[in-house]
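3D model of this:
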Amino acid sequence: MSVPAPPAYELTLDPSLSPRPVIAALIWAESIDPPRATDRAPEYLTEVVGRVRAVGESWISEDMRRRVRGTLRYGKYKPSGRGKPASEFLLRAALHDEFPLVCPPVDVNNAVSLESGLPGSIFDVGLSGCRLLMRRGAEGEEYTFNSAGQSIDLQDLLLVCRLRQDMWEPCGNPVKDSMATKIQPETRDVVAVLYAPADEPRDAVCGWAERYAAMLIEHCGAVHSGYAVVG
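Model prediction:
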């Protein structure tokens with residue numbers, strides 16, 4: 001059963017995000033089962049992908065794409081090409097029978113992102129901590145996002161940051177998350193963020209966050225889960 005996030009879990013929007021570009025959902029879960037690599041799509045994921053393929057490209061409406069991209073468009077950052085929101089990459093993957101299978105917590109994140117049209121990030125709490133900050137990337141900031149060592153330029157991109165040595169270090173964004181805080185076999189607690197446009201109805205964002213939290217219990221074995229909506 002989902003419950004409101006305790007004070008230990010916190011997502012703060014930096015004051016520089018004015019006017020605020022997003023309404024964000026913070027989702028958390030504790031004591032999940034050891035995440036193992038997914039070798040076969042779970043039934044819930046097959047069902048979501050099937051519904052998406054039956055509808056096609058219009059599953060994520062032009063209006064939703066425009067508004068989600070609008071949360072990222074700032075300064076030098078242009079949300080197109082390889083810089084598109086992760087939800088658009090997942091839609092393309094679903095339509096081309098290439099939907100990624102990773103591990104249960106990441107699969108849940110990707111399923112909710114695909115179904116809602118909202119990008120999502122998920123982190124190992126042991127690596128990210130419970131306190132997160134959302135801000136824009138500074139000039140020169142980047143991080144590695146895959147095991148091949150590829151990096152993403154973070155300047156002006158909307159970021160989620162973890163607190164390390166009294167500094168807010170980028171660890172996620174609506175396009176690609178950092179390798180530094182990704183889920184691993186040892187992960188037991190997770191925290192996630194859904195990025196919704198600022199004009200998205202709050203009830204809708206709450207609904208997706210509640211679904212996400214419930215799926216972390218049902219499909220990842222979490223003992224506790226919850227969420228809070230910020231913005």
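
My guess is Tyr212 contacts Ala222. True?
No. Tyr212 lies out of contact with Ala222 (C-beta atoms under 8 Å); the separation is 11.1 Å. Heads up, the C-betas are built off the backbone N, CA and C, glycines and all.

In terms of pLDDT, where does Pro104 sit?
Each residue has a pLDDT score; the one for Pro104 is 98.

And the spatially most central residue of the chain, what's its pLDDT?
Nearest to the mean C-alpha position of the chain, by C-alpha atoms, centre = their mean, lies Gly120 at 1.7 Å. Gly120 is assigned a pLDDT of 98 by the prediction.

sec struct for the closest residue to it other than its chain neighbours, please.
Using C-beta to C-beta, 6 or more residues apart in numbering and skipping residues adjacent in sequence, the residue nearest Gly120 is Ser113, 4.3 Å away. Secondary structure for Ser113, judged by DSSP: H, G, I helix; E, B strand; the rest coil, is helix.

And Ala209, by the same measure?
Using three-state DSSP, the structure places Ala209 in helix.

Hmm, it is touching Ser225, no?
No. Ala209 is beyond contact range of Ser225, at 10.2 Å (criterion: C-beta under 8 Å).

List the residues that are in contact with both of these two.
Residues touching both Ala209 and Ser225 (C-beta atoms under 8 Å, 6 or more residues apart in numbering): Ile27.

May I have the phi/psi pair for Gln150?
Dihedral pair for Gln150: phi -70, psi 150, per degrees, to the nearest 10.

quick one: contacts for it?
Listed by C-beta under 8 Å, 6+ apart, the contact partners of Gln150 are Thr144.

That one and Cys161: what is the separation?
For Gln150, the distance to Cys161 (C-beta to C-beta, to the nearest Å) stands at 20 Å.

Also Ala54?
Distance from Ala54 to Cys161, by C-beta to C-beta: 39 Å.

worst-scoring helix or strand of the chain, pLDDT-wise?
When each helix and strand of the chain is scored by mean pLDDT, DSSP states H and E, strand 2-4 comes last, with a mean of 48.

pLDDT weak spots in the protein?
Along the chain, the model assigns pLDDT under 70 to residues 1-7.

please redo it, this time with the cut-off set to 90
In the predicted model, the chain carries pLDDT under 90 at residues 1-8, 165, 231.

re earlier: compare Ala54 and Cys161 and say which one has the larger neighbour count.
More crowded of Ala54 and Cys161, by other C-beta atoms under 10 Å: Cys161, with 23 against 8.

Name every strand pairing with whichever strand or helix holds that one and say which way it goes.
Here Cys161, judged by DSSP states H and E, is contained in strand 158-164. Within its sheet, and counting by DSSP bridges, strand 158-164 is paired with strand 131-136 (antiparallel), strand 167-172 (antiparallel).

What lies in contact with the last one?
Taking C-beta under 8 Å, 6+ apart as the criterion, the residues outside strand 167-172 that touch it are 121, 123, 127-128, 133, 135, 137, 141, 143, 154, 159-163, 177-178, 180-181, 193.

Of the residues you listed, just the buried ones, ChimeraX syntax please.
Buried members of these, defined by 16 or more other C-beta atoms under 10 Å, are picked up in ChimeraX with:
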select :121,123,127,128,133,135,137,141,143,154,159,160,161,162,177,178,180,181,193
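
coming back round to it: show me the contact partners of the helix or strand just after the least confident helix or strand of the chain.
Once the chain leaves strand 2-4, the next helix or strand it forms, by DSSP H and E, is strand 10-13. Defining contact as C-beta under 8 Å, 6+ apart, one finds that strand 10-13 is touched by 20, 22, 24, 26, 130-134, 160, 193, 228, 230-231.
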